[in-house]
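Engineer: take this sequence and fold it.
(chains A and B)
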Number of protein chains: 2
Amino acid sequence: MSELQNDRFLRALMRQPVDRTPIWMMRQAGRYLPEYRATRAQAGDFLSLCKNTPLACEVTLQPLERYPLDAAILFSDILTIPDAMGLGLYFETGEGPKFRNVIRSEADVAALPTLKADVDLDYVMNAVSTIRSALNGRVPLIGFSGSPWTLATYMVEGGSSKDFREAKKLAYAQPEVMHRLLDHLADSVIDYLNCQIRAGAQAVQIFDTWGGVLSGWAYQEFSLDYMKKIADGLIRENDGRRVPLIIFTKNGGQWLEAMAESGADALGLDWTTDIGNARARVGDRVALQGNMDPTMLYAPKERIRQEVADILKRFGPGTGHVFNLGHGITPGVDPEHAGAFIEAVVELSGEYHREG
Amino acid sequence: MSELQNDRFLRALMRQPVDRTPIWMMRQAGRYLPEYRATRAQAGDFLSLCKNTPLACEVTLQPLERYPLDAAILFSDILTIPDAMGLGLYFETGEGPKFRNVIRSEADVAALPTLKADVDLDYVMNAVSTIRSALNGRVPLIGFSGSPWTLATYMVEGGSSKDFREAKKLAYAQPEVMHRLLDHLADSVIDYLNCQIRAGAQAVQIFDTWGGVLSGWAYQEFSLDYMKKIADGLIRENDGRRVPLIIFTKNGGQWLEAMAESGADALGLDWTTDIGNARARVGDRVALQGNMDPTMLYAPKERIRQEVADILKRFGPGTGHVFNLGHGITPGVDPEHAGAFIEAVVELSGEYHREG
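Structural biologist: Got it, this is the predicted structure:
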């Protein structure tokens, strides 16, 4: 493999000194880019694009051609694992992901196959190795998965949900069944992420999109404990270099202390959390990633720049910060505004990293 | 007015001793009750029911006939104020509230009329005084309003929103226009709640449904500061008794310390926050209201009872707790499960209020 030319992202995740704050954006290869929309039109639907290795590689690299980003992220979906288990993932326009089959009972859980990620999700591994080669050491490649709890909500509900009634009913009424499902998913995520790491992912992120809909005790029991299990089971070093693990629980700002003990190297923050306050709470146990409100990208460029300055100031001097949005960039954003955001981080963050 | 026979709710809000923890449920007069659905069918749509004084009174009292609740809450909507300002509130099945006219510019804000709540929202005041009479001192009556920020999001977006793009764009790009709107709404809420208090409301709650979608600094600037203004402008004593103010910010668990300084007597908690942790953070500055996950009502009755026991234990001994759900009860709940919830609070909470 080619030597890594820009390791700011990996260094900041390990809280090692950097020249400026690294930046990438969740969903940076996405619909806000006209070149993405063109490639996606070629592929057909979203899932076909994920499964088309050359096109998935192409869209992964597109934002790097436009912007001075410090990491690339695998183009894929958080729901590939349940799809590979036979649940039949599909997308209905404007309605989010759905599954043809749902998991509601002990028998349903028992019938779930054991994932062999290198075989069952070979298209993901092909994408990882192809992108890694194409990157040619330019920036590190991030692999990812949904968290067990987040995968379980979709599998039990059969799609997105407003109140997660079925998933919570299972968790509250038959916790042993939910735990069996989560344990099975945690094993699958470990296998899945380890295969991504072997295929070339240099850092991995767990998207716990729906951990934040739980009560504190339930978050610990049904979401965080399984992310801990994953942290324990992952390959943490590859090619002589640490493979950092980032966990991101949307609406998880109340639980940062517990998340900092999970074994993750870094915590993703959504935009509701004050990053200065978060740093004080987690100390030097983990790095932090985030956390500008993605909706700020609809404001004028000068306002975006001011917000970047404010977030940098709140985090304060020293390493341990990877700049990002607090959630994925949305389709309506003007790419020039995304550019102004990234440029502001590049230009304004250096002063926080001078030798003191 | 008849003397109040059950003042547990008011006493707990003022952190005065009580014999057991008082309980009411957000949206307790709602679609989960067959008798509510029957009355609503008589009235026609939801807004017609709000505006029909005898029927609004009827549905307010229905849950009190079934359950030993310690408070009644005015049957109305959080969006009555913008409706009275001419925005044209309507409901589309399965889509939530919508407005025919939206507020997007400085001129739109300047053109908003000054609310005269006693005239423009006389149907609300009629409902308050009618319900208060019908209650005949059985339990106290809660009045309510949406928070200025929450009202503003609906007025700017024209309805519900996933990312609050338009409201945030206005707040971020033209904060002075958003502040003019919020200030006008805060004045209107003060007038509205004071009229409700004069008409007979014995406590008032501000529903800040969407404060939690903001960053910490933005929550303070665009939501909390205006709830503070309301706290300063409200009638706080009526008929020789304190009229307690409860503020409830959904997803506001990160900001309880600041909320405790707002001038409110009590903070509503959603279910994500650990109530023991919240009590430690706010100390004796405010009472707490909440906070069982409403989805727990879909679990078996024994599980609901266990959850009530856990929440009571987490809060611990002494007054200052009003039991509630962490959000409104949902239409699919079995009324018997709501009954088991309320019964558990009644039966299990006494031991936390014995003289030590």
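Engineer: so what pLDDT did A:Pro300 get?
Structural biologist: Note on A:Pro300: pLDDT of 97.
Engineer: could you do A:Met1 as well?
Structural biologist: At A:Met1, pLDDT is 65.
Engineer: same question, A:Val156
Structural biologist: Here, the pLDDT recorded for A:Val156 equals 98.
Engineer: figure out the helix or strand that it lives in.
Structural biologist: helix A:148-157 (DSSP states H and E).
Engineer: how about residues contacting that helix?
Structural biologist: For helix A:148-157, contacts defined as Cβ atoms under 8 Å, 6 or more residues apart in numbering or on different chains pick out A:78-79, A:81-82, A:87, A:97, A:99, A:102-104, A:146, A:160-161, A:164-167, A:170, A:178, A:181-183, A:185-186, A:189, A:207-211, A:214, A:222-223, A:226-227, A:230. Any C-beta I mention is one placed from the backbone N, CA and C, and that applies to glycine too.
Engineer: can you show me the strands along the stretch 151-300 of chain A?
Structural biologist: In the stretch 151-300 of chain A, the segments counted as strands under DSSP state E, counting those that start in this stretch are A:203-208, A:237-238, A:241-242, A:245-249, A:266-268, A:287-292.
Engineer: any idea how far the nearest residue to A:Cys195 once chain neighbours are set aside is from chain B?
Structural biologist: Closest residue to A:Cys195 apart from its sequence neighbours, by Cβ to Cβ, 6 or more residues apart in numbering or on different chains: A:Ala117 at 4.3 Å. Relative to chain B, A:Ala117 is positioned 32 Å away (criterion: Cβ to the nearest Cβ, to the nearest Å).
Engineer: what's A:Ala117 sitting at in phi/psi?
Structural biologist: phi -60, psi -40 (degrees, to the nearest 10).
Engineer: A:Phe91: which element?
Structural biologist: With DSSP H and E as the test, A:Phe91 turns up in strand A:89-92.
Engineer: let's test this: mean pLDDT of that strand, rounded?
Structural biologist: The average pLDDT within strand A:89-92 is 90.
Engineer: what comes up buried for it?
Structural biologist: Applying a neighbour-count criterion of 16 or more other Cβ atoms under 10 Å in any protein chain shown, one finds A:Leu89 buried in strand A:89-92.
Engineer: parallel or antiparallel, list what pairs with it.
Structural biologist: Neighbouring strands of strand A:89-92 in its sheet, by DSSP bridges, are strand A:96-99 (antiparallel).
Engineer: got the contact list for the closest residue to A:Ala173 other than its chain neighbours?
Structural biologist: Excluding the flanking residues, the one nearest A:Ala173 by Cβ to Cβ, 6+ apart is B:Ala299, at 4.7 Å. Residues counted as contacts of B:Ala299 (Cβ under 8 Å, 6+ apart) are A:169, A:172-173, B:307, B:337.
Engineer: list just the nearest of those residues to A:Phe323.
Structural biologist: A:Tyr172 (38.2 Å; Cβ to Cβ).
Engineer: what's the pLDDT at that closest one?
Structural biologist: Listed pLDDT for A:Tyr172 reads 97.
Engineer: now do the one 4 residues further on
Structural biologist: At A:Glu176, the predicted lDDT confidence score is 98.
Engineer: please apply the same query to the one 10 residues further on.
Structural biologist: Listed pLDDT for A:Ala186 reads 98.
Engineer: was I right to think it contacts A:Ile230?
Structural biologist: Yes - A:Ala186 sits in contact with A:Ile230 when judged by Cβ atoms under 8 Å, with a separation of 5.6 Å.
Engineer: more crowded one of the two?
Structural biologist: A:Ile230 (27 against 22; other Cβ atoms under 10 Å in any protein chain shown).
Engineer: quick one: the more buried one and chain B, what's the gap?
Structural biologist: Here A:Ile230 is placed at a distance of 22 Å from chain B (Cβ to the nearest Cβ).
Engineer: from the middle of its chain, how far away would the helix or strand bottoming out on mean pLDDT in chain A be?
Structural biologist: Scoring the helices and strands of chain A by mean pLDDT, DSSP states H and E places strand A:89-92 at the bottom, with a mean of 90. Averaging C-alpha positions (Cα atoms, centre = their mean, to the nearest Å) puts strand A:89-92 20 Å from its chain's average.
Engineer: ok, stretch A:27-36 next?
Structural biologist: When C-alpha coordinates are averaged (Cα atoms, centre = their mean), stretch A:27-36 and its chain have centres 16 Å apart.
Engineer: again with stretch A:266-274
Structural biologist: Centre to centre, stretch against its chain (Cα atoms, centre = their mean), the figure for stretch A:266-274 is 13 Å.
Engineer: quick one: that stretch near chain B?
Structural biologist: Yes - shown here: stretch A:266-274 in contact with chain B (Cβ under 8 Å from any Cβ of the partner chain) through A:271-274.
Engineer: from those residues, pick the one nearest chain B.
Structural biologist: Chain B lies nearest to A:Asp274 out of the residues of stretch A:266-274 next to chain B, by Cβ to the nearest Cβ, at 4.2 Å.
Engineer: who are the contact partners of the closest one?
Structural biologist: Counting by Cβ under 8 Å, 6+ apart, A:Asp274 makes contact with A:314, B:215-217, B:254.
Engineer: try A:Arg104
Structural biologist: With contact set as Cβ under 8 Å, 6+ apart, A:Arg104 has these partners: A:156, A:166, A:170.
Engineer: residues near the first one, how many?
Structural biologist: Just to be clear, that refers to A:Val156. Using other Cβ under 10 Å, A:Val156 has 25 other residues around it.
Engineer: what's the farthest-apart pair in the contacts of B:Ala299?
Structural biologist: Farthest pair in the contacts of B:Ala299 (Cβ to Cβ) is A:Lys169 and B:Glu307. Separation: 13.0 Å.
Engineer: okay, A:Arg279 and chain B: tell me how far apart.
Structural biologist: A:Arg279 sits at a distance of 13 Å from chain B (criterion: Cβ to the nearest Cβ).
Engineer: please tell me I have it right and that residue contacts A:Leu288.
Structural biologist: Yes - using Cβ under 8 Å, A:Arg279 is in contact with A:Leu288, at 6.2 Å.
Engineer: what sits in contact with each of these two?
Structural biologist: Residues touching both A:Arg279 and A:Leu288 by Cβ under 8 Å, 6+ apart: A:315, A:320.
Engineer: before we move on, the earlier item: top of the residues of stretch A:266-274 next to chain B by number of neighbours, please.
Structural biologist: Tallying neighbours with other Cβ under 10 Å puts A:Thr272 at the head of the residues of stretch A:266-274 next to chain B, with 28 neighbours.
Engineer: which residue is the nearest non-sequential neighbour of that one?
Structural biologist: A:Gly253 (5.7 Å).
Engineer: that's all I had, so thanks and see you.
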